[in-house]
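**Student:** Sequence and predicted structure, then a few things I'm wondering about:
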Amino acid sequence: MATPDQKSPNVLLQNLCCRILGRSEADVAQQFQYAVRVIGSNFAPTVERDEFLVAEKIKKELTRQRREADAALFSELHRKLHSQGVLKNKWSILYLLLSLSEDPRKQPNKVSSYATLFAQALPRDAHSTPYYYARPQTLPLNYQDRSTQSAQSSGSVGSSGISSISMCALNGPAPTPQSLLPGQSHQAPGVGDCLRQQLGSRLAWTLTANQPSLQTTTSKGIPSTVARTVTRPRREGDAGGAVEVTEAALVRDILYVFQGIDGKNIKMSNAENCYKVEGKANLSKSLRDTTVRLAELGWLHNKIRKYTDQRSLDRSFGLVGQSFCAALHQELKEYYRLLSVLHSQLQLEDDQGVNLGLESSLTLRRLLVWTYDPKIRLKTLAALVDHCQGRKGGELASAVHAYTKTGDPYMRSLVQHILGLVSHPVLSFLYRWIYDGELEDTYHEFFVASDPTVKTDRLWHDKYTLRKSMIPSFITMDQSRKVLLIGKSINFLHQVCHDQTPTTKMIAVTKSAESPQDAADLFTDLENAFQGKIDAAYFETSKYLLDVLNKKYSLLDHMQAMRRYLLLGQGDFIRHLMDLLKPELVRPATTLYQHNLTGILETAVRATNAQFDSPEILKRLDVRLLEVSPGDTGWDVFSLDYHVDGPIATVFTRECMSHYLRVFNFLWRAKRMEYILTDIRKGHMCNAKLLRNMPEFSGVLHHCHILASEMVHFIHQMQYYITFEVLECSWDELWNKVQQAQDLDHIIAAHEVFLDTIISRCLLDTDSRALLNQLRAVFDQIIELQNAQDAIYRAALEELQRRLQFEEKKKQREIEVTELNPPAERRGLSVRDTVWLVPLGQWGVTAAEEEEENQRIHEFQESIPKMCSQLRILTHFYQGIVQQFLVLLTTSSDESLRFLSFRLDFNEHYKAREPRLRVSLGARGRRSSHT
């Protein structure tokens with residue numbers, strides 16, 4: 001034969017065997033042939049090609065060996081290696097390091113074959129063939145004595161049965177040489193361990209056929225353990241044996257059950273809603289229990305699949321629901337991938353036609369281990385399906401989010417992944433709403449609802465609302481309110497304010513939900529990123545809207561005009577208007593004409609400081625006549641009105657204007673009482689001098705003066721309370737809130753609080769109806785006093801006029817008589833003779849006239865007690881009403897009203913007449929708080 005090439009693979013491999021074993025070429029012939037067969041085989045590890053998984057195994061091994069420092073150093077080096085990107089097959093290098101680090105002196109019962117070592121991990125690649133390989137022919141040897149050496153070695157090994165083991169159990173390379181098997185008779189003790197230390201770990205792994213059970217062989221040369229493995233139990237239907245179900249048949253049925261398909265021996269029980277092994281099957285209790293536990297995956301699969309099949313066809317389920325179904329389909333796809341691997345593994349065993357043994361084949365116990373994690377995932381998905389029944393939209397997202405609150409990180413990561421897919425449509429709705437003001441919610445899944453029937457004037461109040469049931473649990477109520485306000489502000493600007501400014505100029509930064517991963521990342525940081533985006537859009541949009549309302553539509557100016565005109569804040573205008581309207585308003589209400597009153601209003605505006613207001617405000621000020629009732633005068637039906645429209649009508653709604661109208665009528669009536677009492681005081685001052693010559697009338701005047709003083713004090717205190725404690729304080733609070741308002745809702749809310757406050761504190765609410773009735777009774781008594789006093793003064797002035805006329809007539813006649821009959825001295829007569837010159841009764845008045853005058857004076861004097869009686873009755877009624885009013889004030893829950901009662905009765909005038917008022921002010925408050 002020719003001289004062999006020193007660089008050929010055969011020669012190099014032979015030299016390697018000689019160097020490792022320390023023998024000559026003739027002595028390592030068998031080992032060389034075995035090494036050639038190993039190199040030429042198609043062994044492929046069936047582990048998952050996961051670089052980080054191998055790195056974790058290495059670190060765990062180092063930690064197990066108490067080499068924590070080395071584990072930390074390895075982690076740092078692996079991190080640097082991963083960041084470099086120079087090496088392409090990092091997994092292979094790490095796997096080689098892990099393989100080399102394995103101790104070859106492991107217990108024999110832990111590792112039995114090369115195939116078992118690489119079958120420890122769960123196979124993931126359906127295309128891998130972990131136990132199948134070709135049989136390459138033995139390479140030709142270059143030495144003439146190779147066949148002799150080989151024959152001798154094979155003859156010495158043949159009795160050990162190793163060749164049979166390798167052929168039947170491994171179905172792989174040539175038999176393991178006897179010299180590499182420890183424990184053989186021709187080797188010295190400890191030679192096997194020495195060889196394992198000298199050999200490489202990978203080669204040593206392939207040679208670990210040193211189980212004690214393998215040394216005991218059957219009569220045919222096959223080890224007993226392998227023979228038990230290869231010999232399959234008798235299957236159901238086999239002739240000549242009892243009917244029983246083998247584990248292999250159960251494994252095949254279980255793989256079908258995993259897909260929701262009934263097997264031959266495992267079927268779905270509709271009555272019990274579970275998979276059950278048929279009762280006629282002859283199984284041990286352990287196999288039956290294991291089968292039932294595995295069959296639970298099929299039940300879980302059916303539950304999830306049924307939900308997805310039903311909901312996928314339901315278009316009304318919405319985008320969120322379809323995303324949820326897509327997430328479930330994605331998880332089922334991973335589950336099907338596992339089943340395909342298991343099926344390929346089972347098919348591989350069937351193609352081999354021989355069972356590979358308990359160490360590598362599919363068994364029920366292995367399926368329990370391999371399906372542990374998938375079972376947890378399916379249980380989680382089934383629980384989600386149960387919890388999400390009948391839910392859609394944001395409510396469905398809330399149901400999924402509830403399952404993220406768990407301490408199991410595996411379950412939490414799964415649910416968070418599903419939540420990212422489910423919340424993606426919600427986030428798309430949200431971004432479209434807050435950045436464009438558009439609401440494309442066909443299936444009513446978003447938590448913002450729109451009512452297309454609402455008109456533009458009620459857009460802010462009624463068109464957009466929150467669906468509280470659709471608010472996801474990961475979005476707070478404050479955030480959802482801000483989201484609603486952002487989109488509502490954009491639509492309000494476009495549709496009501498006719499402001500077509502693009503939202504990109506109102507909001508600086510925009511963001512859209514590009515993928516479910518964006519949604520998942522955003523919702524994992526709800527307190528920072530999401531909150532920041534919502535706040536930025538909210539503040540910028542609201543600020544722009546308030547600027548438009550204040551600058552373009554003068555919202556604050558209109559609010560101040562309401563205060564000046566409808567709440568009687570413009571004092572000079574109101575006083576002058578009353579003076580001008582008095583001749584008109586004293587007439588019956590049916591005789592009034594609105595155009596006449598409007599002309600008087602314009603005259604009052606031009607004559608007072610109101611003329612300096614903006615024309616935009618003055619043109620909205622108008623007169624309004626209320627509904628006329630029988631007996632009403634102009635005072636009862638007159639009212640001022642303020643026209644609002646456009647965007648400002650959103651703040652001053654019809655309900656608000658009706659409140660303003662009620663308050664104006666109350667304040668107008670109170671102002672009228674003050675105006676009446678002012679006229680009464682003027683009448684006192686003017687008539688007191690005129691009636692000084694009627695001393696019998698002084699008592700009536702005094703009584704009128706006392707009663708009018710009581711009424712003046714009452715009205716002044718009420719006016720002070722209404723003007724300063726109610727209107728001014730409430731207005732100051734309103735103005736401060738408006739200045740600090742962040743959005744239009746804050747202004748509307750502050751304005752409504754302002755109106756509610758003055759309505760309640762002006763006794764116009766339902767709780768204060770009794771007080772208001774008493775106050776109106778007091779007002780009626782003031783009008784009665786005015787009428788009574790006018791009648792008394794009219795009668796007194798008429799009497800005074802008649803007396804003056806009588807005296808004038810008397811004096812006139814005396815003058816006339818004096819002129820007709822000059823004095824006696826002028827005619828030269830004595831005084832005694834003058835009696836006969838002037839007839840009796842010719843001086844002054846006649847007796848009949850004097851008697852008539854005295855009779856009239858007597859009648860008038862007799863009417864004075866009636867006047868006093870009328871005033872006393874009026875005083876009695878008035879004081880009774882005031883006392884009842886004070887009693888009601890003392891029991892009021894409002895502290896300001898209780899102090900008002902103290903001011904009204906500061907000198908305890910009414911307290912002395914009413915026992916119920918003799919309770920201290922503190923006791924009144926305690927009593928009212930208990931009631």
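**Tutor:** Thanks, I have it.

**Student:** which helices and strands sit right next to whichever strand or helix holds residue 543?
**Tutor:** Element membership for residue 543 (DSSP states H and E) is helix 531-551. If you count contacts as 3 or more CB pairs under 8 Å, 6 or more residues apart in numbering; DSSP states H and E, helix 531-551 packs onto helix 409-436, helix 477-495, helix 503-506, helix 744-761. For the C-beta atoms, the positions are set from N, CA and C on the backbone; glycine is no exception.

**Student:** The longest helix belonging to the chain packs against which elements?
**Tutor:** Counting residues, the longest helix in the chain under DSSP state H turns out to be helix 769-820. Helix 769-820 is packed against helix 654-690, helix 698-720, helix 847-890, with contacts defined by 3+ CB pairs under 8 Å, 6+ apart.

**Student:** what about those, which gets the closest to residue 404?
**Tutor:** Of all the helices and strands packed on helix 769-820, it is helix 654-690 that lies closest to residue 404, at 44.0 Å by CB to CB.

**Student:** in the closest one, what counts as buried?
**Tutor:** 656-657, 659-668, 670-677, 680, 683-684, 687 (16 or more other CB atoms under 10 Å).

**Student:** Stretch 715-735 now?
**Tutor:** The neighbour-count check on stretch 715-735 (16+ other CB under 10 Å) flags 715, 717, 718, 721, 722, 723, 726, 727, 730, 731, 734, 735 as buried.

**Student:** Contact partners for the third one?
**Tutor:** Pointing back at residue 718 there. When contacts are counted by CB atoms under 8 Å, 6 or more residues apart in numbering, residue 718 touches 670, 775, 900.

**Student:** Let me have those in a markdown table, adding pLDDT and distance to residue 621 as columns.
**Tutor:** What follows is the contacts of residue 718, written out as a markdown table (pLDDT from 0 to 100; distance: CB to CB, whole Å):
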| residue | pLDDT | distance to residue 621 |
| --- | --- | --- |
| 670 | 94 | 21 |
| 775 | 94 | 28 |
| 900 | 90 | 32 |
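
**Student:** counting contacts, what elements does the following helix or strand past the helix holding residue 543 pack onto?
**Tutor:** Moving toward the C-terminus from helix 531-551, the next helix or strand (DSSP H and E) is helix 555-561. In terms of contacts (3+ CB pairs under 8 Å, 6+ apart), helix 555-561 is packed against helix 615-618.

**Student:** Now the helix it packs on - C-alpha only, CSV.
**Tutor:** This file holds the C-alpha atoms of helix 615-618, laid out as CSV (Å, rounded to 0.1, in the frame of the first residue of the first chain):
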residue,chain,number,x,y,z
PRO,A,615,-72.0,98.8,23.1
GLU,A,616,-71.8,95.0,22.8
ILE,A,617,-73.1,94.8,26.4
LEU,A,618,-75.7,97.6,26.3
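
**Student:** Just the buried positions in that helix, please.
**Tutor:** For helix 615-618, a neighbour-count test (16+ other CB under 10 Å) marks 617, 618 as buried.

**Student:** With stretch 15-26 instead?
**Tutor:** Buried residues in stretch 15-26, counted by 16+ other CB under 10 Å: 17, 18, 20, 21, 25.

**Student:** Now render the helices and strands packed on helix 531-551 as JSON lines, adding mean pLDDT.
**Tutor:** Formatted as JSON lines, those follow (pLDDT from 0 to 100):
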{"stretch": "helix 409-436", "mean pLDDT": "90"}
{"stretch": "helix 477-495", "mean pLDDT": "94"}
{"stretch": "helix 503-506", "mean pLDDT": "76"}
{"stretch": "helix 744-761", "mean pLDDT": "95"}
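
**Student:** hang on, isn't residue 703 packed against residue 875?
**Tutor:** Yes - Residue 703 is within contact range of residue 875, at 7.5 Å (criterion: CB atoms under 8 Å).

**Student:** of the helices and strands packed on helix 531-551, which approaches residue 607 most closely?
**Tutor:** helix 744-761 (28.4 Å).

**Student:** Touching the closest one from outside, list them.
**Tutor:** If you take CB under 8 Å, 6+ apart as the criterion, helix 744-761 is touched by 460, 485, 489, 492, 542, 545-546, 549, 555, 559, 567, 650-652, 656, 659-660, 662-663, 725-727, 730-731, 733-734, 737-738, 740-741, 765, 767-768, 894, 896-897.

**Student:** Then stretch 539-559?
**Tutor:** Around stretch 539-559, the neighbours that count as contacts under CB under 8 Å, 6+ apart are 434, 485-486, 489-490, 492-493, 497, 499, 501, 503, 506-508, 614, 616-617, 620, 644, 646-648, 651-652, 738, 741-744, 747, 751.

**Student:** Residue 770 and residue 39, how far apart?
**Tutor:** Per CB to CB, to the nearest Å, residue 770 is found 109 Å from residue 39.

**Student:** those strands in the stretch 501-650 of the chain, which residues are they?
**Tutor:** 621-625, 638-642 (DSSP state E, counting those that start in this stretch).

**Student:** In a markdown table: those strands, plus mean neighbour count, mean pLDDT and distance to residue 803.
**Tutor:** Rendered in a markdown table, the data for the strands of the stretch 501-650 of the chain read as follows (neighbours: other CB atoms under 10 Å; pLDDT from 0 to 100; distance: least, CB to CB, whole Å):
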| stretch | mean neighbour count | mean pLDDT | distance to residue 803 |
| --- | --- | --- | --- |
| strand 621-625 | 17 | 94 | 45 |
| strand 638-642 | 19 | 95 | 41 |
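
**Student:** Make CSV from those strands and add distance to residue 87 to it.
**Tutor:** Shown next, in CSV, are the strands of the stretch 501-650 of the chain (distance: least, CB to CB, whole Å):
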stretch, distance to residue 87
strand 621-625, 86
strand 638-642, 82
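
**Student:** With residue 595 as the reference, name the closest of these.
**Tutor:** Comparing those by their distance to residue 595 (CB to CB), the top pick is strand 621-625, with 8.9 Å.

**Student:** Report the distance from the closest one to the chain centre.
**Tutor:** Taking CA atoms, centre = their mean, to the nearest Å, one finds strand 621-625 lying 45 Å from the centre of the chain it belongs to.

**Student:** And that strand, what does it pack against?
**Tutor:** Strand 621-625 makes packing contacts with helix 594-607, strand 638-642 when contacts are defined by 3+ CB pairs under 8 Å, 6+ apart.
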